[in-house]
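Q: Sequence and computational prediction follow.
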Amino acid sequence: MPLSRFHALRDYLDSVILGQPALTENLLIALIADGHLLVEGPPGLAKTRAVKALCEGVEGDFHRVQFTPDLLPADLTGTDIYRAQTGTFEFESGPIFHNLILADEINRAPAKVQSALLEAMGEGQVTVGKHSYQLPDLFLVMATQNPLENEGTYPLPEAQLDRFLMHLNLDYPDAETELKIMRMSRKEALKHETPSVSPISQSDIFAARDLALEIYLAEPLEQYIVNIIMATRQPEAYSSQLSSWLEYGVSPRASLSLERCARARAYLYERDFVSPEDIQAVAPNVLRHRLLLSYQAQAEGVTPDSVIEHILSQVAVP
């Protein structure tokens, strides 16, 4: 059964990525919900390791792209190559044509490269010249941002941020986990036995996606999702404080993402129905990058997470 395979994959990810249970769980949620992840955190928090580990547990191929200011769209999508032997141009596919993509430090790439990635994420295809080329059916992008450096970066436009299913914030592990990481790294360097997992086939992943979509979502909970979304667009109906914090609310893509992620989480937790807890658990990651805070909120040091927490406290739970 696909579910047992996902449990085994989650155990494997937790065994090789220590101290980041939210990252491993949300990687699986994104995989089941068929969406892309934006991960923000200081360097060295196993972001690259996480995608590589996921690739080892999934039947597919992986490619890492280091985004830099001199990167060109063709470096990502591929380009037409002239073949002197035949006198014709032939398309040479780029790294975007892999199943799992790590877009490392995505905000260091210029707008044209970000635009090429936006088409790939939104349409499942890339366009080179007059021709469009379909990407694999299994296609997941995990992009990273380094919050510690702003020099030489190009902030992602709201349209592209909205294409990400979730935005995760990572933090440093505690002292006990740090010690475990040191010991695990030493074992790997000495080539001692390391955890392994049997890869999940792509057909099992697609089956899991279908099963997640069939999970029961009660009508009151559908309305609950809508009410959370509407609280970002009509904050004055909930509190004057919320109204002063928000410049713009989230798009309909947020409600679709919230539903899909809640269904995927319920599937991972072996339930055939979505609970309010599922919606509340995924709401911060789904809404964090879609909210536009007012100047007053920024001046007061209000964060998107505190705004989301306030929204969840104001919207009645069915």
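A: Good, I have the coordinates.
Q: so Leu221 touches Pro318, yeah?
A: Yes: under the criterion of C-beta atoms under 8 Å, Leu221 makes contact with Pro318 at 6.2 Å. Every residue, glycine included, has its C-beta placed from N, CA and C.
Q: Name the residues contacting each of those two.
A: Pro276 (C-beta atoms under 8 Å, 6 or more residues apart in numbering).
Q: domains for the chain, by residue range?
A: Here the domain assignment for the chain is 2-185, 210-314, based on automatic domain parsing.
Q: ok, back up a step: which one of Leu221 and Pro318 is surrounded by more residues?
A: Set Leu221 next to Pro318 and count neighbours by other C-beta atoms under 10 Å: Leu221 wins out with 20 against 12.
Q: List the buried residues in the helix or strand where the more buried one lies.
A: Element membership for Leu221, per DSSP states H and E: helix 219-233. Residues of helix 219-233 classed as buried by neighbour count (16 or more other C-beta atoms under 10 Å): 221, 224-225, 227-232.
Q: Point out where this structure drops to low pLDDT.
A: For the chain, the stretches with pLDDT under 70 are 1-2, 148-153, 192-193.
Q: residue ranges of the helices in it, please?
A: For the chain, the helices defined by DSSP state H occupy 2-16, 21-33, 47-56, 73-77, 111-123, 158-161, 175-189, 202-213, 219-233, 240-245, 252-268, 276-287, 295-299, 304-314.
Q: Between helix 202-213 and the longest one, find me the angle.
A: This means helix 252-268. 110 degrees (axes from the mean of the first three to the mean of the last three C-alpha atoms, to 10 degrees).
Q: Any buried residues in helix 252-268, and which?
A: For helix 252-268, by 16+ other C-beta under 10 Å, it's 254-268.
Q: Give me the contacts around it.
A: Residues from elsewhere that reach helix 252-268, judged by C-beta under 8 Å, 6+ apart: 3, 6, 10, 25, 28-30, 32-35, 162, 165-166, 208, 211-213, 215, 217, 222, 225-226, 228-229, 232, 272-275, 278-279, 281-283, 285-287, 290.
Q: Now a PyMOL select for only the buried ones of those.
A: In PyMOL, a selection of the buried entries from the contacts of helix 252-268 looks like this (16+ other C-beta under 10 Å):
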select buried, resi 6+10+25+28+29+30+32+33+34+35+162+165+166+208+211+212+213+215+217+225+228+229+232+274+275+278+279+281+282+283+285+286+287+290
